[in-house]
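1. The amino acid sequence is not available; the structure is as follows:
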């Protein structure tokens with residue numbers, strides 16, 4: 001089993017750990033200290049040694065931070081985690097709704113005038129610190145870069161990950177690593193720079209065609225790099241991890257400790273991404289005579305726009321993953337839900353994926369939420385929270401796999417007994433929103449922000465909504481949450497051909513049930529229509545293959561066009577998966593994909 005069910009949260013330890021941190025703050029003459037979720041690479045998933053926020057507070061969500069003052073400690077969480085945090089932190093920590101409440105605004109109210117707030121400059125980006133400093137200038141509150149206070153009090157902190165990295169072959173990446181470096185190097189030249197700093201591990205792994213096991217669920221190896229405009233790469237990390245990799249002549253490998261000195265001695269024009277570069281790296285650069293140019297990670301957009309090899313690999317991964325999902329759903333339909341728990345669901349689904357014999361890992365811990373747990377957007381079942389499946393309710397299962405040719409992410413909501421009319425209506429509205437995204441044609445140049453409301457409109461008409469984005473980017477055997485592409489009101493990145501995104505509207509009734517339906521989609525050129533003009537248009541190809549439960553649909557709410565899409569999708573699911581199933585499961589699939 002990839003997933004274990006031990007709770008990583010220790011809310012009972014929170015008060016003592018908070019008290020110890022405050023003692024450290026007093027020793028450092030600090031009035032506050034910021035504890036982010038992030039590590040020095042700003043990734044969503046972090047190694048055990050970097051789980052500082054979870055260790056201190058008990059909160060295990062993938063985004064958020066804490067700010068500890070002398071008399072109050074806030075845990076800042078977004079809409080995905082507002083139920084979860086209540087069960088995971090002791091009452092010495094106060095949940096703060098973020099981003100509605102920004103840290104600088106909270107500090108101005110909660111901190112004393114003249115307060116000094118400490119932060120670890122390796123764990124905060126240039127943009128984050130600039131935003132804070134600019135906002136706090138008039139208040140008399142100052143920020144001070146300092147050693148990490150959690151490290152100082154975490155006596156049994158785990159060591160760094162040591163697993164070796166490996167090469168990701170060109171047969172799966174679709175492009176030689178040296179060619180990538182030259183291509184991105186030319187982009188750096190076009191921006192007026194001589195080199196760029198790369199600190200995001202998924203960018204680094206994509207650029208070098210390597211993968212690793214430094215964090216859970218995401219096959220990355222951590223490192224920093226300086227990519228020159230000529231395509232030469234200075235790579236900084238743990239040299240022992242790269243022993244089995246034959247880098248091309250353009251790569252020079254050095255240890256972690258050489259990074260700051262390299263930056264301090266850099267003399268030319270260098271491109272940084274303030275949204276991902278650690279503040280400590282900027283401080284090192286500013287010690288020298290370098291000219292700093294600000295922009296975006298030059299690998300991010302090329303990585304997001306998958307080439308033909310990567311897209312074909314993702315389609316192949318979704319084909320086998322779809323068969324595993326259908327085997328699971330057919331098994332579930334034949335089981336007695338009253339005999340099953342949330343953990344049983346996770347284990348069974350993981351077993352079907354493992355039976356493909358090519359599963360590298362799951363792409364995130366499976367969300368298996370029955371009844372009220374389905375309303376906890378990123379619920380992770382543990383031995384402590386596990387419960388038998390509800391009756392006459394809903395089961396929400398959000399899961400995915402990491403295969404060497406692609407990363408999958410799918411959510412299906414399934415009936416338990418006889419769900420209520422309210423549940424079926426909510427399911428149907430969520431389905432309508434998902435279909436709206438699936439069907440849309442849109443002009444080239446639009447962003448995910450321009451499309452997000454299409455998924456919400458059916459819910460808005462009923463006075464309902466959901467507190468997460470409609471979709472996130474997905475990598476190619478990399479992060480299941482990839483930037484910069486999103487379907488969200490919080491993005492200004494134009495959608496481009498080859499981008500993979502999730503399409504996952506939802507609805508959550510706290511304490512009762514949750515609904516989410518998720519497919520992955522690929523941005524593709526839209527063919528010209530007979531009466532259209534000559535402007536370039538885009539559309540989405542759905543690559544996830546698994547039936548959507550017909551028993552939860554209130555068909556009277558669907559338009560003819562929505563029914564046509566659903567029937568066509570189910571016809572495709574049946575046609576592509578039928579040859580991968582045994583006779584019994586094939587018959588189940590035929591029934592599950594019947595036309596409505």
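-> Okay, I see it. All figures in this text were calculated on a predicted structure; none of them were measured in a lab.

2. going forward, measure contacts and count neighbours with C-alpha atoms only.
-> Noted.

3. so where is the stretch 251-400 of the chain shaky, pLDDT-wise?
-> For the stretch 251-400 of the chain, no stretch has pLDDT under 70.

4. Which stretches in it count as strands?
-> Listed in chain order, the strands of the stretch 251-400 of the chain (DSSP state E, counting those that start in this stretch) span 251-255, 269-272, 291-294, 359-362, 367-370, 393-399.

5. Okay, now the sheet partners of the longest one, with direction.
-> Right, the one you point to is strand 393-399. Partners of strand 393-399 in the sheet, by DSSP bridges, are strand 367-370 (antiparallel), strand 410-416 (antiparallel).

6. how far does that strand sit from the chain's center?
-> Remark: strand 393-399 is offset 19 Å from the chain centroid, using CA atoms, centre = their mean, to the nearest Å.

7. Next secondary structure element downstream of it?
-> strand 401-403 (DSSP states H and E).

8. Point out the other helices and strands that that next one packs with.
-> strand 359-362 (3 or more CA pairs under 8 Å, 6 or more residues apart in numbering; DSSP states H and E).

9. Show me what the strand it packs on is packed against.
-> strand 401-403.

10. next structured bit after the strand it packs on?
-> Strand 401-403 is succeeded, C-terminally, by strand 406-407 (DSSP H and E).

11. Report the spatially closest residue to residue 500, excluding sequence-adjacent ones.
-> Nearest residue to residue 500, sequence neighbours excluded (CA to CA, 6 or more residues apart in numbering): residue 522, at 4.5 Å.

12. Three-state assignment for that neighbour, please.
-> Three-state call for residue 522 (DSSP: H, G, I helix; E, B strand; the rest coil): strand.

13. Let me know which of the strands of the stretch 251-400 of the chain is tucked in deepest.
-> Ranked by mean neighbour count under mean count of other CA atoms under 10 Å, the strands of the stretch 251-400 of the chain are led by strand 367-370, which reaches a mean of 28.

14. measure the residue nearest the centre of the chain to residue 204 for me?
-> Centroid-nearest residue in the chain: residue 481, 2.8 Å away (criterion: CA atoms, centre = their mean). Residue 481 sits 16 Å away from residue 204, going by CA to CA, to the nearest Å.

15. Ok, residue 5 next?
-> 31 Å.

16. out of the two, which sits in the more crowded spot?
-> Set residue 5 next to residue 204 and count neighbours by other CA atoms under 10 Å: residue 204 wins out with 23 against 15.

17. Setting aside sequence neighbours, what's the nearest residue to the more buried one?
-> residue 198 (6.7 Å).

18. what's the neighbour count on that neighbour?
-> There are 27 residues near residue 198, going by other CA under 10 Å.

19. Quickly list what it is bridged to.
-> residue 225.

20. now the nearest residue to residue 308 once chain neighbours are set aside: how far from residue 480?
-> Spatially, and ignoring its direct neighbours in sequence, residue 308 is nearest to residue 174 (7.3 Å; CA to CA, 6+ apart). Remark: distance between residue 174 and residue 480 (CA to CA) = 19 Å.

21. quick one: which of these two has more around it?
-> A count of neighbours by other CA under 10 Å puts residue 480 above the other of residue 174 and residue 480, at 26 against 16.

22. For residue 186, list the residues it contacts.
-> Applying CA atoms under 8 Å, 6 or more residues apart in numbering, one finds that residue 186 lies in contact with 229-230.

23. repeat that for 7 Å
-> residue 229 (CA atoms under 7 Å, 6 or more residues apart in numbering).

24. how would you label it: helix, strand or coil?
-> helix.

25. For the helix ranked longest in the chain, which helices and strands make contact with it?
-> The single longest helix within the chain, with elements called by DSSP state H, is helix 308-334. Other elements packing on helix 308-334 under the criterion 3 or more CA pairs under 7 Å, 6 or more residues apart in numbering; DSSP states H and E are helix 170-173, helix 342-354, strand 406-407, helix 583-592.

26. Turn the ones you listed into a markdown table, including mean neighbour count.
-> A markdown table is the format used below for these (neighbours: other CA atoms under 10 Å):
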| stretch | mean neighbour count |
| --- | --- |
| helix 170-173 | 17 |
| helix 342-354 | 20 |
| strand 406-407 | 25 |
| helix 583-592 | 16 |
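
27. Generate TSV for those, with distance to residue 140 as supplementary columns.
-> Formatted as TSV, the helices and strands packed on helix 308-334 follow (distance: least, CA to CA, whole Å):
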stretch	distance to residue 140
helix 170-173	51
helix 342-354	51
strand 406-407	48
helix 583-592	63
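
28. which stretch among the ones you listed comes nearest residue 492?
-> strand 406-407 (24.5 Å; CA to CA).

29. before we move on, the earlier item: roughly how far does the residue nearest to residue 204 sit from residue 233?
-> With CA to CA as the criterion, residue 198 and residue 233 are 10 Å apart.

30. tell me the mean pLDDT over stretch 505-521?
-> Regarding stretch 505-521, the rounded mean pLDDT is 97.

31. Likewise for stretch 134-143?
-> For stretch 134-143, mean pLDDT rounds to 93.

32. Now that stretch: buried residues?
-> Under the neighbour-count criterion of 16 or more other CA atoms under 10 Å, stretch 134-143 has 136, 139, 141-143 buried.

33. what's next to it, contact-wise?
-> In this structure, residues lying in contact with stretch 134-143 by CA under 7 Å, 6+ apart are 104, 108, 113-118, 133.

34. What residues of stretch 461-470 count as buried?
-> 464-466, 468-470.

35. Actually, stretch 552-565.
-> Those buried within stretch 552-565 under the rule 16+ other CA under 10 Å are 552-555, 558, 562-563, 565.

36. which among those residues gets closest to residue 405?
-> Nearest to residue 405 among the buried residues of stretch 552-565, with distances taken as CA to CA, is residue 565, at 28.0 Å.

37. which other residues reach the strand or helix carrying that closest one?
-> According to DSSP H and E, residue 565 maps onto helix 560-577. Applying CA under 7 Å, 6+ apart, the contact partners of helix 560-577 are 323, 435, 545-547, 589-590, 593, 595-596.

38. Give the buried subset of the residues you listed as a PyMOL selection command.
-> Selecting only the buried entries of the contacts of helix 560-577 in PyMOL, with 16+ other CA under 10 Å as the criterion:
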select buried, resi 323+435+545+546+547+589+590+593
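
39. Neighbours of residue 28, how many?
-> Residue 28: 13 neighbours (other CA under 10 Å).

40. Check the one 3 residues further on too.
-> Close neighbours of residue 31, defined as other CA under 10 Å, add up to 21.

41. Over to residue 106?
-> Neighbours around residue 106, by other CA under 10 Å: 13.

42. Can you tell me the SS state at it?
-> Assigned with three-state DSSP, residue 106 falls in the helix class.

43. so who does it touch?
-> By CA under 7 Å, 6+ apart, residue 106 has no neighbours at all.

44. Apply 10 Å and report the result again.
-> Shown in contact with residue 106 (CA atoms under 10 Å, 6 or more residues apart in numbering): 67, 74, 96.

45. next one: residue 249
-> Taking CA under 10 Å, 6+ apart, we find residue 249 in contact with 178, 232-233.

46. If we use 8 Å, what do you get?
-> Contacts of residue 249 (CA under 8 Å, 6+ apart): none.

47. and if you look at residue 485?
-> Neighbouring residues of residue 485 by CA under 8 Å, 6+ apart: 304, 448, 472-473, 491, 493-495, 499, 501.

48. Let's see which of the residues you listed end up in strands.
-> Counted as lying in strands by DSSP state E, out of those, are 472-473, 501.

49. For those, please prepare TSV with the additional fields pLDDT, distance to residue 384 and neighbour count.
-> Putting those into TSV (pLDDT from 0 to 100; distance: CA to CA, whole Å; neighbours: other CA atoms under 10 Å) gives the following:
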residue	pLDDT	distance to residue 384	neighbour count
472	98	30	21
473	98	32	22
501	98	33	30
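
50. what about residue 594, which SS state?
-> Put simply, residue 594 is coil when judged by three-state DSSP.

51. For it, give me the pLDDT.
-> Reported pLDDT for residue 594: 98.
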